[in-house]
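# sequence below, structure please.
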Amino acid sequence: MRSQLLRSSFGCLLTVFGPFPASCINKAVRQTAAAVPHSYYPRKTMHYQTEQRGHPNSPDYRIYFSKFISAMMNGPHVSLLFPQIATKEPLNPIKQDVKKGKLRYVANIFPHKGYIWNYGALPQTWEDPSHKDKETDCCGDNDPIDVCDIGTQVCSPGQVIQVKVLGILAMIDEGEMDWKVIAINANDEDAEKLNCIEDVRKSRPGHLEATVEWFRKYKVPDGKPENQFGFNGEFKDKDFAVEIIKSTHEHWRALVQKQTNAGGIECKNMSCCNSPFQFSADEARAVVQSAPAFGSAHPVSAEVDKWHFV
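As a prediction, this is how the structure comes out:
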């Protein structure tokens, strides 16, 4: 299992959450699901499909993976923008984040319009809330590990890409450890020349600094304090990042084998070997079919285009 996750420096697969508005969702990407003519469409690269349910830009919208795999339990590894993996729902679909009954949008904090990379996560990883990081003295945030794909291509929601790990940032979100892996799409035109975090610093002047500032301030418009960082906000190198990914993958393995407290996460899956949470294809299909049928997109809130100066 580990060799599948980290088979080389390109060995992580990233799932993209998005076609939501640029400032949308707790981890998505930027194009609109409404632009996709069918509710069930193929992703040729990884030989899987996604199925949309509900209405884009509404609380009932979901993206399920084909064969009804779970996006967190046994789905492909991914990069998301601002939707999120619904970790407490069966099959862990992608959905738009909701706060206080309203759809959540990423604030446009000048000079950044929405996300400044493809933002996603690595399924088959888990930041265990009972595990205290020895370096930062903080426990995990109960989610898959996040990834910033700094490639030049804007990804589509539910898209799975192979990424090359370059480094990692230790963000501390309200006292919880929330690692941010820095990576690049393996098929990107710049992938061959970017091999470490210093390569990013040299070839993309200001991008790493902008990334720290983005994560520092993105919750301030919601009335929350600035986020903090371990290691004085310095990025750790590729080898350090790989060790964190390995560690969170082992925590995920313990989760799906019922060797640790699930922390409220829905662990049902179809293909994790010897997992006590396995269920049948018919049961999984019933979960998807019980979700609202795919329909037309709802209007997007004007809040998406609002600028914040903090």
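# thought V163 was touching A186?
Yes. Using Cβ atoms under 8 Å, V163 is in contact with A186, at 6.1 Å. In this view, the C-beta of every residue, glycine as well, is placed from N, C-alpha and C.
# in terms of neighbours, single out the busier of the two.
Neighbours were counted for V163 and for A186 using other Cβ atoms under 10 Å; V163 has more, 31 against 19.
# confirm the more buried one sits in a helix?
No. Using DSSP: H, G, I helix; E, B strand; the rest coil, the assignment for V163 is strand, not a helix.
# is it in a bridge, and if so with what?
C12, N185 (DSSP bridges).
# what distance do you get for it to H131?
V163 sits 24 Å away from H131, taking Cβ to Cβ, to the nearest Å as the criterion.
# distance check, the nearest residue to F279 once chain neighbours are set aside against P59.
Closest residue to F279 apart from its sequence neighbours, by Cβ to Cβ, 6 or more residues apart in numbering: K268 at 5.2 Å. Distance, K268 to P59, by Cβ to Cβ: 22 Å.
# tell me where the model's unsure across the stretch 101-250 of the chain.
In the predicted model, the stretch 101-250 of the chain carries no residue with pLDDT under 70.
# now the strands for it?
Along the stretch 101-250 of the chain, counting by DSSP state E, counting those that start in this stretch, strands occupy 102-103, 108-109, 118-122, 139-140, 145-149, 160-173, 176-185, 228-229, 236-237.
# quick one: contacts of the fourth one?
This points to strand 139-140. Identification of contacts with strand 139-140 by Cβ atoms under 8 Å, 6 or more residues apart in numbering yields W126, E127, D128, P129, S130, H131, K132, D133, E176, M177, T248, H251.
# could you dump the strands of the stretch 101-250 of the chain to CSV with distance to P90?
Listed next are the strands of the stretch 101-250 of the chain as CSV, based on distance: least, Cβ to Cβ, whole Å:
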stretch, distance to P90
strand 102-103, 22
strand 108-109, 34
strand 118-122, 18
strand 139-140, 22
strand 145-149, 22
strand 160-173, 20
strand 176-185, 25
strand 228-229, 34
strand 236-237, 35
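# returning to that earlier point: how about the contacts of strand 139-140 in JSON lines, adding distance to S301?
Formatted as JSON lines, the contacts of strand 139-140 follow (distance: Cβ to Cβ, whole Å):
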{"residue": "W126", "distance to S301": "32"}
{"residue": "E127", "distance to S301": "30"}
{"residue": "D128", "distance to S301": "35"}
{"residue": "P129", "distance to S301": "31"}
{"residue": "S130", "distance to S301": "37"}
{"residue": "H131", "distance to S301": "37"}
{"residue": "K132", "distance to S301": "38"}
{"residue": "D133", "distance to S301": "36"}
{"residue": "E176", "distance to S301": "28"}
{"residue": "M177", "distance to S301": "31"}
{"residue": "T248", "distance to S301": "33"}
{"residue": "H251", "distance to S301": "36"}
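# pull out the buried members of these.
Neighbour counting over the contacts of strand 139-140 (16 or more other Cβ atoms under 10 Å) leaves W126, E127, D128, P129, H131, D133, M177, T248, H251 as the buried ones.
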